[in-house]
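**Student:** from the sequence below, what's the structure:
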Amino acid sequence: MLREILTEQLPIKMWLTEVEEGALEQARNIANLPFAFRHVALMPDCHQGFGMPIGGVLATRNVIIPNAVGVDIGCGMCAVQTSLTRVSHPVLKDLMHKIRSLVPLGFKHHAQKQSEQYMPAGWEVDTLEVVSREYDSACYQVGTLGGGNHFIEIQKGNDGHIWIMIHSGSRNIGKQVADHYNRLAIQLNEQWKSTVPRSAQLAWLPVDSPEGQAYLNEMQYCVDFALANRSLMMNRILDVFSDHFKGEFHTFPMINIAHNYAARELHFGEQVYVHRKGATLAEKGTAGIIPGSQGTHSYIVRGKGNPESFMSCSHGAGRLMGRKQAQRSLDLKEEIKKLDQKGIIHAVRSKGDLDEASGAYKNIGQVMRNQQDLVEVAVELSPLAVIKG
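**Tutor:** I've put the predicted structure just below:
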């Protein structure tokens, strides 16, 4: 931990020295919630979000806050280590072309409904109000990347192996669940004359209420859907590699970690609900993934189980500037040059792509140095080719 703020009802513990004023105001808001527990933790990639800062960790007693999870429920990372030790530039280009033909990007969905075998198993979907309404549409979206900062990346690890990494979430079904329960929480908070101001965007639901239980169930379905989504994309990408490399190719078990969810956990002797919004679990020994920005290193890590962060760490580099600001202020030629000099097959083509250029993000090296007490690096990964949503 690098800094602690003690001016609010609860301490704000920070793994960065400076944070934008908007994110700090949001951290003050959650530190003053009547049901917040122990302290608030801000990860080194922290920046402003809706209601709660991205890169924030909040534990609550008996209350769940939809906006403290966010709209892309279950968004997260998966990564697979392959047996390959090198892939030539021409082969990479061919592989990326084939991947693009199998994985819809941005707002695109599959033209055909995908088999229900790819959807989360073990759920009685009819009991979930929003999920049941959106289920059919989700069958066209499972196995699709989405937009924004979502990506598929081929990387070379300092372990000598080629890795495949995906960042994606729960697509529209997660947003629909998040929006529905946030609206419901706002309505109920107004009826209850909640002391939490509506302007804070932190409407809450009691965990033991029917509404709270419904949100927790639908949220968990979306976490499962996000994993199913990443798994299907990964399997189809691995099929592309297998078709090309034939018997020379095999893989190791997939690592998966979510960074937008809430879970009941034991901390400081109490069962509480830990909201991780743009933060990942870093229990002792837990395998995690911390990606950089386009063109920079990413990391496979192991958690150290630091209780002060509620056993959490950053989910990436974190934005240095907003999307519109990046498009206005970054130099397109310079950002392309940085990627070309590294020989990376990348996705920066026009001014509109600058919102996802490396210059729009914090320095991942500094982010990793700031959280040495939270994680240890297992593998450092260098990008070879990137597909952006």
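**Student:** quick one: contacts for residue 359?
**Tutor:** The contact partners of residue 359, taken as C-beta atoms under 8 Å, 6 or more residues apart in numbering, are 320, 326, 330, 334-335. Where you see a C-beta, it was placed from the backbone N, CA and C, and this is true even at glycine.
**Student:** and if you look at residue 64?
**Tutor:** Listed by C-beta under 8 Å, 6+ apart, the contact set of residue 64 reads 204-205, 207, 212, 215-216, 262, 273, 275.
**Student:** and it, how far from residue 133?
**Tutor:** 21 Å (C-beta to C-beta, to the nearest Å).
**Student:** how close does residue 129 sit to residue 181?
**Tutor:** 10 Å.
**Student:** what is in contact with the two at once?
**Tutor:** With C-beta under 8 Å, 6+ apart as the test, residue 129 and residue 181 both reach 214, 218.
**Student:** got a pLDDT number for residue 303?
**Tutor:** Turning to residue 303, the model gives it a pLDDT of 98.
**Student:** now do residue 389
**Tutor:** pLDDT at residue 389 comes out at 85.
**Student:** what's the answer for residue 323, then?
**Tutor:** Residue 323 is assigned a predicted lDDT (pLDDT) of 89.
**Student:** rewinding a little: and which of the contacts of residue 359 is nearest residue 251?
**Tutor:** Closest approach to residue 251 among the contacts of residue 359 (C-beta to C-beta): residue 335, at 32.2 Å.
**Student:** next, the contact list for the closest one, please.
**Tutor:** By C-beta under 8 Å, 6+ apart, the neighbours of residue 335 are 348, 354, 357-359.
**Student:** any idea how far residue 99 is from it?
**Tutor:** Counting by C-beta to C-beta, the separation of residue 335 from residue 99 is 23 Å.
**Student:** over to residue 116?
**Tutor:** 24 Å.
**Student:** of those two, who's got more company?
**Tutor:** residue 99 (22 against 12; other C-beta atoms under 10 Å).
**Student:** could you tell me which residues within the one helix or strand that one maps to count as buried?
**Tutor:** According to DSSP states H and E, residue 99 maps onto helix 89-102. Neighbour counts using 16 or more other C-beta atoms under 10 Å place 92, 95-96, 98-99 of helix 89-102 among the buried residues.
**Student:** using CSV, lay out those residues together with distance to residue 4.
**Tutor:** Shown next, in CSV, are the buried residues of helix 89-102 (distance: C-beta to C-beta, whole Å):
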residue, distance to residue 4
92, 46
95, 47
96, 45
98, 50
99, 45
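**Student:** nearest to residue 236, of these?
**Tutor:** residue 99 (7.8 Å).
**Student:** tell me who's in contact with the closest one.
**Tutor:** Contacts of residue 99 by C-beta under 8 Å, 6+ apart are 152, 236-237, 240, 387.
**Student:** rerun at 6 Å
**Tutor:** Residue 99 sits next to 237, 240 when contact means C-beta atoms under 6 Å, 6 or more residues apart in numbering.
**Student:** give me the contacts around stretch 142-151.
**Tutor:** With C-beta under 6 Å, 6+ apart as the test, stretch 142-151 has contacts from 103-106, 109, 114, 118, 167-168, 171, 228-229, 232-233, 386, 388-389.
**Student:** measure that stretch end to end?
**Tutor:** End-to-end distance for stretch 142-151, by C-alpha to C-alpha, to the nearest Å: 15 Å.
**Student:** what about that stretch, average pLDDT?
**Tutor:** On average, stretch 142-151 scores 96.
**Student:** same question for stretch 238-256.
**Tutor:** Here the average pLDDT along stretch 238-256 is 94.
**Student:** quick one on the thing from earlier: the more surrounded of residue 129 and residue 181?
**Tutor:** Set residue 129 next to residue 181 and count neighbours by other C-beta under 10 Å: residue 181 wins out with 27 against 14.
**Student:** quick check: the more buried one touching residue 66?
**Tutor:** Yes - using C-beta atoms under 6 Å, residue 181 is in contact with residue 66, at 4.5 Å.
**Student:** so for the helix ranked longest in the chain, what gets flagged as buried?
**Tutor:** Determined from DSSP state H, the single longest helix within the chain is helix 210-245. Of all the residues in helix 210-245, those buried under the rule 16+ other C-beta under 10 Å are 211-212, 214-234, 237-238, 240-241, 245.
**Student:** partner strands of the helix or strand just after it, with direction?
**Tutor:** Once helix 210-245 ends, the next helix or strand along the chain (criterion: DSSP H and E) is strand 255-258. Using DSSP bridges, strand 255-258 pairs in its sheet with strand 76-81 (antiparallel).
**Student:** what's the angle between the partner strand and helix 210-245?
**Tutor:** Per axes from the mean of the first three to the mean of the last three C-alpha atoms, to 10 degrees, the angle that strand 76-81 makes with helix 210-245 is 30 degrees.
**Student:** pLDDT on strand 76-81, on average?
**Tutor:** 98.
**Student:** make 23 the first number, not 1, from now on.
**Tutor:** Shifting the count to begin at 23 puts that one at strand 98-103.
**Student:** and the contacts of it?
**Tutor:** Contact with strand 98-103 is made by 183, 185-189, 252, 256, 273-274, 276-281, 311, as judged by C-beta under 6 Å, 6+ apart.
**Student:** do that again at 8 Å, thanks
**Tutor:** Outside of strand 98-103, the residues within contact range by C-beta under 8 Å, 6+ apart are 179, 181, 183, 185-191, 248-249, 252-253, 256, 260, 273-282, 302, 311, 313, 322, 337, 401.
**Student:** tell me the helices and strands packed up against the helix or strand containing residue 157.
**Tutor:** Assigned by DSSP H and E, residue 157 belongs to helix 151-163. If contacts are counted by 3 or more C-beta pairs under 8 Å, 6 or more residues apart in numbering; DSSP states H and E, helix 151-163 sits against helix 193-213, helix 232-267.
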